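Q: Got a predicted structure here, sequence first:
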Amino acid sequence: MLNNALLRNMVTLLGGTAAGQMIALLAAPLLTRLYGPADFAVVAAFVGVSTILSIFATLRYDLALLLPQDEGDAGKLFQLSLLILVGATVLASLLLWLFGPLLVSTIPTFAAVAHVLPLVPVMMLAIAGSQILSAWANRQRAYREMASTSVLNQGGNVLIASVIGWSKAMAGGLLAGRLIGQLVSTVWLAARLRPGLPRLRFEFSGLAVVARRYRQFPFFNVPYSLLGALSQEFLVFALLAYHHVGIAGHFALVRTVLLLPARYLSSSLGLVFFREAAQLFGTPALETLTLKLMYRLGLVVAPFTAFFMFWSEEIFVLVFGESWRMAGQIAAWYAPVGFLFLFTSWPERLYEVSERQAVSLGIEFGGNITKVAAVLIPLWAGAGPIAAIVGYALADAVYHVAYLLGLFHVGRFRTTRLVSLAGTLLLSAGACAAGCGLLLLAPLPALAQAAGGAFLALGIAAYGTMLMYQKRFAP
């Protein structure tokens with residue numbers, strides 16, 4: 001059984017994050033009727049650029065905050081991260097002021113966000129500040145504060161975007177919601193953690209010592225995180241560069257919806273798992289814990305992924321409106337990526353715990369080259385944006401498989417157990433896909449076919465979970 005303390009921490013974080021994500025999910029059908037694909041494309045590009053810059057804003061020293069055994073060293077790491085963040089914010093503001101017009105005039109992607117480019121350093125500050133504070137909160141086991149921050153972020157985002165969109169008080173309401181929600185939640189978390197935060201003394205000799213001690217984080221994690229962020233945002237950037245603004249917006253919605261479960265797990269379960277992995281690394285208990293979590297996730301999600309691929313277009317039209325039919329078609333291709341991301345998002349910190357970041361960097365580098373080629377070749381050849389999206393989805397799926405193999409390697413887990421997991425999940429998804437295919441051939445109304453597929457997926461997920469608890473699929 002999972003450790004009781006781990007379960008309590010997971011429930012607290014998962015509950016708070018789930019509430020925040022549920023707010024975003026329930027509000028999405030309203031926002032897609034208030035804003036068009038072009039608005040979603042601009043927000044995706046704005047947040048993407050800000051996220052990439054936030055990687056440099058801490059040099060990823062925030063990831064090291066859980067590792068020091070000594071509280072004094074942890075406090076120095078916290079101060080170092082803040083000092084770098086302040087300097088990076090000033091530098092980013094200055095560079096965008098000096099070279100922003102040049103970027104806008106020469107790069108079509110920046111032209112799409114020209115009107116909000118001055119706000120990028122503010123968003124970068126909020127994102128990087130939230131990362132530092134969340135890492136410190138995780139170290140202090142302040143899970144309630146982290147959970148409430150997630151709710152405040154999503155709630156503020158949705159409320160502001162909905163009010164502006166409904167009243168039409170100003171343009172850019174969707175972006176305003178994202179920015180203000182992120183800022184308010186970061187300030188809220190800082191206020192909640194304030195009594196336990198380290199005193200800001202900035203003794204530079206001590207900061208230099210911890211900077212050298214954890215130098216593998218800027219050396220390995222900065223390029224790794226940069227490649228990951230570029231890989232995630234590249235398709236939107238490329239579509240905007242080729243002036244496919246509407247398609248970029250459709251893909252932005254698909255990515256948000258399909259990766260929502262994985263990001264939910266990564267932002268909550270991932271933080272708790274990181275702490276447990278740091279304590280259990282090198283023991284059989286970590287392998288058992290990881291496989292149990294993967295089985296429980298996969299047995300529930302695999303059949304629903306197969307069902308979704310058959311009826312994604314109808315689901316998107318029903319939920320988000322007729323204008324998002326193209327997004328539903330794209331979602332069928334991208335669904336396998338969302339499924340695989342469930343298994344690579346939350347355990348990714350195994351690379352840091354094992355201090356094998358070079359492995360993840362190599363996989364990230366190879367994966368990025370593949371994905372860039374899969375997008376640019378169709379666009380250059382004039383095959384169109386859909387061909388680029390399909391190529392990106394296939395390359396991204398291959399990358400996640402390679403990343404999962406790397407996780408098992410650095411975690412010292414047996415590959416045979418991964419093969420067993422893959423076989424079980426393929427059997428579950430395949431059974432659902434076969435049933436859905438037969439339903440499409442049956443002389444039934446479309447709604448009845450979809451309902452039958454949903455019940456089939458639910459039955460297979462319930463049966464797999466039951467067998468899991470009966471130890472038939474025990475890792």
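A: Received it, and whenever you're ready, just let me know what you need.

Q: which element is Val49 on?
A: Assigned by DSSP states H and E, Val49 belongs to helix 37-58.

Q: Any buried residues in that helix, and which?
A: Neighbour-count burial for helix 37-58, counted by 16 or more other Cβ atoms under 10 Å, picks out 37, 39-58. For every residue, glycine as well, the C-beta is placed using N, CA and C.

Q: helices or strands next to that helix in the packing?
A: In terms of contacts (3 or more Cβ pairs under 8 Å, 6 or more residues apart in numbering; DSSP states H and E), helix 37-58 is packed against helix 71-106, helix 108-112, helix 120-139, helix 173-193, helix 222-241, helix 245-280.

Q: Quick one: closest of those to Leu65.
A: helix 120-139 (4.1 Å; Cβ to Cβ).

Q: wait, what's in contact with Trp333?
A: With contact set as Cβ atoms under 8 Å, 6 or more residues apart in numbering, Trp333 has these partners: Ile389, Val390, Ala393.

Q: In helices, which of those fall?
A: Secondary structure assignment by DSSP state H places Ile389, Val390, Ala393 of the contacts of Trp333 in helices.

Q: Show me which of those residues is closest to Ala335.
A: Checking the ones in helices among the contacts of Trp333 against Ala335 by Cβ to Cβ gives Ala393 as the nearest, at 8.8 Å.

Q: where's the closest one relative to Met326, distance?
A: Distance of Ala393 to Met326, computed by Cβ to Cβ, to the nearest Å: 15 Å.

Q: Please say which of the two ends up with more neighbours.
A: Taking neighbours as other Cβ atoms under 10 Å, Ala393 and Met326 compare with Ala393 leading, 23 against 20.

Q: Do I have it right that that one meets Pro336?
A: Yes: Ala393 lies in contact with Pro336 (Cβ atoms under 8 Å); the separation is 7.3 Å.

Q: quick revisit: just tell me which of the helices and strands packed on helix 37-58 ends up closest to Ser420.
A: Nearest to Ser420 among the helices and strands packed on helix 37-58 is helix 245-280 (20.9 Å), distances taken as Cβ to Cβ.

Q: could you give the angle of the helix or strand following the closest one to helix 245-280?
A: Under the assignment DSSP H and E, the closest C-terminal helix or strand after helix 245-280 is helix 284-320. Using axes from the mean of the first three to the mean of the last three Cα atoms, to 10 degrees, the direction of helix 284-320 lies 160 degrees away from that of helix 245-280.

Q: Now do the buried residues in helix 284-320.
A: 286-291, 293-313, 315-316, 320.

Q: ok, and the closest non-adjacent residue to the residue most central in space within the chain?
A: By Cα atoms, centre = their mean, the chain has its centre lying nearest to Arg263, at 4.0 Å. Sequence neighbours aside, Ser345 is the residue nearest to Arg263 in space, at 6.9 Å (criterion: Cβ to Cβ, 6 or more residues apart in numbering).

Q: Tell me how far that neighbour lies from Pro261.
A: Counting by Cβ to Cβ, the gap from Ser345 to Pro261 is 9 Å.

Q: try Arg33
A: Plainly put, Arg33 is 23 Å away from Pro261 if you go by Cβ to Cβ.

Q: Looking at the two now, which is surrounded by more residues?
A: Applying other Cβ under 10 Å to Arg33 and Pro261 shows that Pro261 carries more neighbours, namely 20 against 13.

Q: is it true that that one touches Val300?
A: No: counting by Cβ under 8 Å, Pro261 does not reach Val300; the two are 10.1 Å apart.

Q: Could you measure from Gln470 over to Ala395?
A: As judged by Cβ to Cβ, Gln470 and Ala395 stand 38 Å apart.

Q: just Ala402 next, same as before
A: Going from Ala402 to Ala395 by Cβ to Cβ gives 11 Å.

Q: so what sits against both of these two?
A: In contact with both Ala402 and Ala395: Gly367, using Cβ under 8 Å, 6+ apart.

Q: Domain parsing of the protein, as residue ranges.
A: By the assignment in automatic domain parsing, the chain contains the domains 1-243, 245-475.

Q: Outside of stretch 461-472 itself, list whatever touches it.
A: Everything outside stretch 461-472 that qualifies as a contact, by Cβ under 8 Å, 6+ apart, is Tyr295, Arg296, Leu299, Val300, Val301, Ala302, Pro303, Phe304, Thr424, Ser428, Phe473, Ala474.

Q: Name the residues of it that are buried.
A: By neighbour count on 16+ other Cβ under 10 Å, the buried set for stretch 461-472 is Ala461, Gly464, Met468.

Q: Stretch 129-142 too?
A: By neighbour count on 16+ other Cβ under 10 Å, the buried set for stretch 129-142 is 129-140, 142.

Q: cool, and stretch 371-384?
A: Buried, per 16+ other Cβ under 10 Å, within stretch 371-384: Lys371, Val372, Ala374, Val375, Leu376, Pro378, Leu379.

Q: show me where pLDDT drops low in the stretch 151-300 of the chain?
A: The model of the stretch 151-300 of the chain has pLDDT under 70 over residues 264-268, 271.

Q: picking that back up, could the buried residues of stretch 371-384 go into a markdown table alongside distance to Ala169?
A: Formatted as a markdown table, the buried residues of stretch 371-384 follow (distance: Cβ to Cβ, whole Å):
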| residue | distance to Ala169 |
| --- | --- |
| Lys371 | 39 |
| Val372 | 40 |
| Ala374 | 41 |
| Val375 | 37 |
| Leu376 | 40 |
| Pro378 | 40 |
| Leu379 | 37 |
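
Q: which ones among the residues you listed are found in helices?
A: Members of the buried residues of stretch 371-384 lying in helices (criterion: DSSP H): Lys371, Val372, Ala374, Val375, Leu376, Pro378, Leu379.

Q: follow-up on the earlier one: can you convert the buried residues of stretch 461-472 into CSV and add a column each for pLDDT?
A: CSV is the format used below for the buried residues of stretch 461-472 (pLDDT from 0 to 100):
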residue, pLDDT
Ala461, 93
Gly464, 88
Met468, 80
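
Q: circling back to that earlier point, distance to Ile164 added to the helices and strands packed on helix 37-58, as JSON lines?
A: Putting these into JSON lines (distance: least, Cβ to Cβ, whole Å) gives the following:
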{"stretch": "helix 71-106", "distance to Ile164": "24"}
{"stretch": "helix 108-112", "distance to Ile164": "20"}
{"stretch": "helix 120-139", "distance to Ile164": "17"}
{"stretch": "helix 173-193", "distance to Ile164": "3"}
{"stretch": "helix 222-241", "distance to Ile164": "23"}
{"stretch": "helix 245-280", "distance to Ile164": "18"}
